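J.: Only the shape, not the letters, is given here:
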């Protein structure tokens, strides 16, 4: 009988990884991502223009127009980041 004793890490969806990544940038733990927090997150993802990415991310995902990304709006931010090709390396 053959067995595979190699430890293969469980597959994690890239969207889930990005979602956790962005949530970690909620520096003040208020449950929302501000423009400054988004800017820092996009800079960490390797964006050359993190301020513009933060503005565009808000434009794409801030459904209620309050200037923050809430947990309910986070999926749209993740879709925006994925569309641009951003990924988290070594989650």
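T.: Structure received. Nothing here was measured: the structure is a model prediction, and the numbers come from that model.

J.: which stretches of the chain form strands?
T.: All strands of the chain, identified by DSSP state E, fall at 32-33, 69-70.

J.: Between these, which one is closest to residue 25.
T.: With C-beta to C-beta as the criterion, residue 25 lies closest to strand 32-33 of these, at 6.4 Å. Every C-beta, even on glycine, is put in place using the N, C-alpha and C of the backbone.

J.: what are the pairing partners of that closest one, and which direction each?
T.: strand 69-70 (antiparallel) (DSSP bridges).

J.: if you average pLDDT over the partner strand, what comes out?
T.: Mean pLDDT, strand 69-70: 98.

J.: Which residues does it contact?
T.: 22, 31-33, 38, 57-58, 61-62, 64, 77 (C-beta atoms under 8 Å, 6 or more residues apart in numbering).

J.: mind redoing it with 6 Å?
T.: Contacts to strand 69-70, defined as C-beta atoms under 6 Å, 6 or more residues apart in numbering, come from residues 32-33, 61, 77.

J.: export these to CSV and tack on pLDDT, distance to residue 17 and neighbour count?
T.: Output for the contacts of strand 69-70, formatted as CSV (pLDDT from 0 to 100; distance: C-beta to C-beta, whole Å; neighbours: other C-beta atoms under 10 Å):
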residue, pLDDT, distance to residue 17, neighbour count
32, 97, 20, 17
33, 98, 16, 28
61, 98, 17, 23
77, 98, 14, 22
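
J.: In this protein, where is pLDDT below threshold?
T.: For the chain, applying pLDDT under 70 flags the ranges 1-13, 90-91.

J.: what about the helices in it?
T.: Using DSSP state H, the helices of the chain run over residues 14-24, 35-44, 50-61, 74-83.
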